[in-house]
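Novice: Quick one, what's the 3D model for this:
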Amino acid sequence: MAPTMAIATVTLVLLVVSLLAPSTLGSRPGPSSHHGHGGHAKHSPPPPPPPAPVAPAPAAAALVRTTCNSTGYYDLCVSALAADPSSTTADVRGLSAIAVSAAASNASASAAALGANVTAQGGAAVDGTVQALLRTCAGKYGEARDALAAAKVSIAQQDYDYAAVHVSAAAEYPQVCKALFRRQRPGAYPAELATREEALNQLCSVALDIISLLSAS
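Specialist: Model prediction:
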């Protein structure tokens, strides 16, 4: 090959290489922005939960106190109403029903306790008359419980006069028990019965005072 032709051939090759090099280099894949996406991608943390709503001040507690201020036994009233969770959302009518329910629970517990007492003493040398009286007293507390259940129905029907009649009757049943003891066994009225009678009488008084608020409104 002649020197001139060889020089021309080399020059042509260099020219082609110089033209192809930029495009070839530019076509090389760069680092992928999605490298490691198949299991190593970083996830943003979940947003924090919204703050819990702040409960409003329990206005019902103020209603309980105001209502109980109108009764003759404030502390008893507050404790009896607060023992029922529904008092936190109840209006005065609801509070009257709660008070009646508290009295009914008391009467029911007394009826059960007196009935059990008679059963426990059945095998002992106990005055038969006293046993009969205790049996009668258990029945009277049962009747008080039933009267209070009827009072609650009357409150639901907004018949407050009948509700008051039923509650008043419930308070009188234990007094029948006391009268029977005094007539048949003077001086033998058990202290336990006197305590139970007073407790039910006070709860019925609270219920009546609240019902009277409804009658006046």
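Novice: which stretches of this protein have low pLDDT?
Specialist: In the predicted model of the chain, residues 1-60, 118-126 satisfy pLDDT under 70.
Novice: where along it do the helices fall?
Specialist: Applying DSSP state H to the chain gives helices spanning 3-26, 59-68, 74-82, 92-120, 128-156, 160-184, 191-216.
Novice: Turn those into CSV, including mean neighbour count.
Specialist: C-betas here are computed from N, CA, C, even on glycine. Below are those laid out as CSV (neighbours: other CB atoms under 10 Å):
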stretch, mean neighbour count
helix 3-26, 9
helix 59-68, 16
helix 74-82, 19
helix 92-120, 21
helix 128-156, 20
helix 160-184, 18
helix 191-216, 19
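Novice: what sits against residue 78?
Specialist: With contacts defined as CB atoms under 8 Å, 6 or more residues apart in numbering, the neighbours of residue 78 are 64-65, 68.
Novice: repeat for residue 71
Specialist: Under the contact definition (CB under 8 Å, 6+ apart), the residues listed for residue 71 are 77, 205-206, 209-210.
Novice: Tell me how far it lies from residue 204.
Specialist: 11 Å (CB to CB, to the nearest Å).
Novice: Can you tell me how far residue 81 is from residue 176?
Specialist: On the measure of CB to CB, residue 81 and residue 176 end up 28 Å apart.
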